[in-house]
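Undergrad: What follows is a predicted protein model with its sequence.
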Amino acid sequence: MRIKAAIMIGKIIQWSLGNRLFVVLGALLLLGWGGYATTRTPVDVFPDLTAPTVTLVTEAHGMTPTDMEALVTFPIETALNGAPGVRRVRSSTKIGLSVISVEFAWGTDAYLARQVVAEKLQLAKAALPAGVEAPIMAPAASVMGEIMFIALTSESAGQHSTVALKNTADYVLRKRLLAIPGVAEVLPIGGDLQQFQVTLKPERLAAYGLTIDEVAKAVEGSNSNAAAGFYTEGGQEYLIQGIGRVRQVEDIAEAVVAVKNGQAVLIRHIADVALGTAVQRGIGSTNGKPAVVLGIQRQPGANTLELTRVLDAAIADIQKSLPAGMKIENRLFRQADFIEISSATLLAAL
């Protein structure tokens with residue numbers, strides 16, 4: 001065997017010496033192809049070692065974990081078990097919240113898996129109790145998808161309230177970042193959520209003979225526009241519309257609840273209406289200052305380094321349009337930093 005191997009190697013050497021130009025051209029071609037493949041090779045912190053998974057979230061405000069498990073989680077799990085390609089279904093139930101993870105077989109296309117889950121959910125919805133919100137699928141994000149954490153802060157204390165930071169983060173920063181290809185989800189943490197608050201006066205409700213349900217329906221009905229067709233004149237059509245969307249506190253306060261003895265009973269007659277903030281379930285801060293922290297998750301298959309460069313450019317552009325005194329901190333956490341440091345260390349070793 002050794003003699004045959006030596007003879008074969010000798011022939012290869014002789015052929016290579018006799019075809020020097022071909023060997024050199026082949027080596028240059030392989031070198032160029034290898035360099036091109038190196039620049040196109042995806043680089044990430046860790047390889048994706050989990051099977052394709054679809055996450056379902058169902059909310060039922062105020063329901064206990066026991067009821068959530070029996071009335072919400074179990075019917076959905078039953079509908080999903082046995083679906084094509086499903087290998088495992090896991091769940092976690094909390095107060096008013098059910099989270100179900102549907103794991104598919106290796107190699108299953110992520111969007112095909114979501115389609116299968118969406119079809120099975122149609123069967124599960126019929127078994128859910130009244131008042132429970134329809135299950136929603138979480139965005140298609142990678143397991144190692146949180147590629148960046150940024151924070152929206154006020155440069156000086158008291159210049160911008162936590163309500164202003166929250167509104168800007170939700171309606172400006174988050175929407176702009178979600179429009180970037182490759183971004184799966186942007187999750188804000190912290191800040192105060194602004195809301196209209198209606199505080200009922202029980203003695204006024206009793207005096208007018210009204211119930212809380214009647215007031216709730218009146219408040220809900222006051223926040224809508226009404227279409228009334230169109231009016232034609234002079235060859236032109238004019239749209240007729242009743243504007244009823246709530247824009248300020250007075251819009252709710254002047255809503256009619258009922259008519260008693262020929263007199264309209266308004267919201268302000270039986271309640272106090274004011275701007276307030278929702279109950280905080282968590283806070284966000286950076287460098288000891290109140291802030292709204294946003295976690296950015298990428299889609300499966302997105303290039304972390306390229307997406308980070310696009311996000312940096314977008315954040316710099318958004319910073320220019322923010323109110324004076326608001327600042328975006330984009331160096332809290334970046335997966336790209338780990339990749340770049342590791343690559344630099346590898347190149348130095350080579």
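TA: Everything's here; your move.
Undergrad: can you map out the helices along the stretch 101-250 of the chain?
TA: Remark: helices assigned in the stretch 101-250 of the chain by DSSP state H, counting those that start in this stretch are 110-125, 162-168, 174-178, 202-208, 212-221, 249-253.
Undergrad: Tell me which of those helices sits most buried.
TA: Counting by mean count of other C-beta atoms under 10 Å, helix 162-168 has the highest mean neighbour count of the helices of the stretch 101-250 of the chain, with a mean of 20. Bear in mind the C-beta positions are built from the backbone N, C-alpha and C, glycine included.
Undergrad: and that helix, how far out from the chain's middle?
TA: 18 Å (C-alpha atoms, centre = their mean, to the nearest Å).
Undergrad: Could you list every helix and strand in contact with it?
TA: strand 146-154, strand 194-200, strand 289-298 (3 or more C-beta pairs under 8 Å, 6 or more residues apart in numbering; DSSP states H and E).
Undergrad: got any ranges where the stretch 101-250 of the chain has weak pLDDT?
TA: 142-143 (pLDDT under 70).
Undergrad: ok, now how distant is Leu29 from Lys125?
TA: 58 Å (C-beta to C-beta, to the nearest Å).
Undergrad: How many residues are close by Val102?
TA: Neighbours of Val102 under the rule other C-beta atoms under 10 Å: 27.
Undergrad: do the same with Leu97
TA: Neighbour number of Leu97 under other C-beta under 10 Å is 17.
Undergrad: Would you list the phi and psi of the closest residue to it other than its chain neighbours?
TA: Distance criterion C-beta to C-beta, 6 or more residues apart in numbering; nearest residue to Leu97, sequence neighbours excluded, is Glu59 at 5.9 Å. Main-chain dihedrals, Glu59, degrees, to the nearest 10: phi -120, psi 140.
Undergrad: dump the residue contacts of Glu59.
TA: Counting by C-beta atoms under 8 Å, 6 or more residues apart in numbering, Glu59 touches Gly96, Leu97, Ser98, Val132, Glu133.
Undergrad: who are the neighbours in contact with the last one?
TA: So that's Glu133. Residues in contact with Glu133 (C-beta under 8 Å, 6+ apart) are Thr58, Glu59, Ala60.
Undergrad: now those residues as TSV including pLDDT and distance to Arg309?
TA: TSV is the format used below for those (pLDDT from 0 to 100; distance: C-beta to C-beta, whole Å):
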residue	pLDDT	distance to Arg309
Thr58	91	37
Glu59	89	36
Ala60	86	42
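Undergrad: any idea which of those is closest to Phe196?
TA: Glu59 (20.9 Å; C-beta to C-beta).
Undergrad: Next up, identify which helix or strand Ala344 is on.
TA: Using DSSP states H and E, Ala344 falls within helix 335-349.
Undergrad: Just the pLDDT for Leu56.
TA: Note on Leu56: pLDDT of 91.
Undergrad: just to revisit the earlier point, for the helices of the stretch 101-250 of the chain, which one sits closest to Asn287?
TA: The closest of the helices of the stretch 101-250 of the chain to Asn287 is helix 162-168. By C-beta to C-beta, the value is 14.4 Å.
Undergrad: Give me the contact list for the closest one.
TA: The contact list for helix 162-168 (C-beta under 8 Å, 6+ apart) reads 152-154, 188, 190-194, 277, 290-292, 322-323, 326.
Undergrad: Of these - the most surrounded one?
TA: Most surrounded of these: other C-beta under 10 Å gives Leu152, at 29 neighbours.
Undergrad: was I right about that one contacting Asp170?
TA: No: under the criterion of C-beta atoms under 8 Å, Leu152 is not in contact with Asp170, lying 10.1 Å apart.
Undergrad: Now list whatever residues contact both of those two.
TA: Joint contacts of Leu152 and Asp170 (C-beta under 8 Å, 6+ apart) do not exist.
Undergrad: thinking again about what came up before, as TSV, the helices of the stretch 101-250 of the chain with distance to Gly82 would be great.
TA: Listed next are the helices of the stretch 101-250 of the chain as TSV, based on distance: least, C-beta to C-beta, whole Å:
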stretch	distance to Gly82
helix 110-125	9
helix 162-168	43
helix 174-178	34
helix 202-208	51
helix 212-221	40
helix 249-253	49
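Undergrad: what's the closest of the ones you listed to Gln263?
TA: So among the helices of the stretch 101-250 of the chain, helix 202-208 is nearest, using C-beta to C-beta, at 9.8 Å.
Undergrad: Against which helices or strands is the closest one packed?
TA: If you count contacts as 3+ C-beta pairs under 8 Å, 6+ apart, helix 202-208 packs onto strand 256-260, helix 267-270.
Undergrad: So which of those has the densest surroundings on average?
TA: Mean neighbour count (mean count of other C-beta under 10 Å) peaks for helix 267-270 among the helices and strands packed on helix 202-208, with a mean of 19.
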